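K.L.:
Fold the following and give me the result.
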Amino acid sequence: MVKISAQYLGEKRVQLTHAPSGRELQTDAPRDNNGRGESFSPTDLVAAGLASCALTVMAIAAEKEGLSLEGASAEVIKHMTSQPRRISQLDLRIRLPHGLSVSDRQRLENIARTCPVAESLPAHVEVKMHFDDNIS
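P.N.:
From the prediction side, this is the model:
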């Protein structure tokens with residue numbers, strides 16, 4: 001169990017505090033929803049959580065198997081609907097480092113596809129994950 005506290009700051013901004021670490025971040029309503037769009041929106045955090053979760057669970061598995069994921073990266077694009085206002089689709093592109101065998105790569109991709117955030121999203125949120133080699 002992890003406690004996260006939220007404090008409304010005004011002007012559609014919320015301060016979040018992660019109790020175990022004391023780390024803080026703020027959210028802001030997006031411009032298309034009467035905010036300033038100067039920080040992550042709550043739905044941006046969902047999208048970011050998916051990217052972070054996929055990379056994290058792959059790294060955990062890779063470490064157990066003596067593999068390196070150094071240089072792996074991800075980018076997520078969030079699509080919203082307006083009626084009702086909610087996330088409709090998350091397009092996640094993960095770049096994996098060169099040198100992984102086909103079987104290691106397939107195993108890591110399957111682990112990413114079943115990360116806790118992906119498994120927690122409702123069925124109406126379409127999640128598309130794509131995997132590439134990291135060319136940089």
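K.L.:
Name the nearest residue to residue 23, ignoring sequence neighbours.
P.N.:
Distances taken as CB to CB, 6 or more residues apart in numbering place residue 17 nearest to residue 23, at 7.4 Å, with adjacent residues excluded. All C-beta spots, glycine's among them, are computed from the backbone N, C-alpha and C.
K.L.:
helices or strands up against the helix or strand where that neighbour lies?
P.N.:
In this structure, residue 17 sits in strand 13-18 according to DSSP states H and E. With contacts taken as 3 or more CB pairs under 8 Å, 6 or more residues apart in numbering; DSSP states H and E, strand 13-18 sits against strand 4-10, strand 24-28.
K.L.:
Mind giving me the packing neighbours of whichever helix in the chain runs longest?
P.N.:
Longest helix in the chain, counting residues (DSSP state H): helix 42-64. When contacts are defined as 3+ CB pairs under 8 Å, 6+ apart, helix 42-64 packs onto strand 24-28, strand 73-82, strand 85-96, helix 102-113, helix 116-120.
K.L.:
among the ones you listed, which is nearest residue 38?
P.N.:
Evaluated with CB to CB, the helices and strands packed on helix 42-64 place strand 24-28 nearest to residue 38, the distance being 5.0 Å.
K.L.:
Strand partners (parallel or antiparallel) of the strand holding residue 17?
P.N.:
Taking DSSP bridges as the criterion, strand 13-18 pairs within the sheet with strand 4-10 (antiparallel), strand 24-28 (antiparallel).
K.L.:
Give me the contact list for that strand.
P.N.:
Contact with strand 13-18 is made by 2, 4-9, 23-29, 35, 39, 42, as judged by CB atoms under 8 Å, 6 or more residues apart in numbering.
K.L.:
can we see that at 6 Å?
P.N.:
Defining contact as CB atoms under 6 Å, 6 or more residues apart in numbering, one finds that strand 13-18 is touched by 4, 5, 6, 7, 8, 9, 24, 25, 26, 27, 28.
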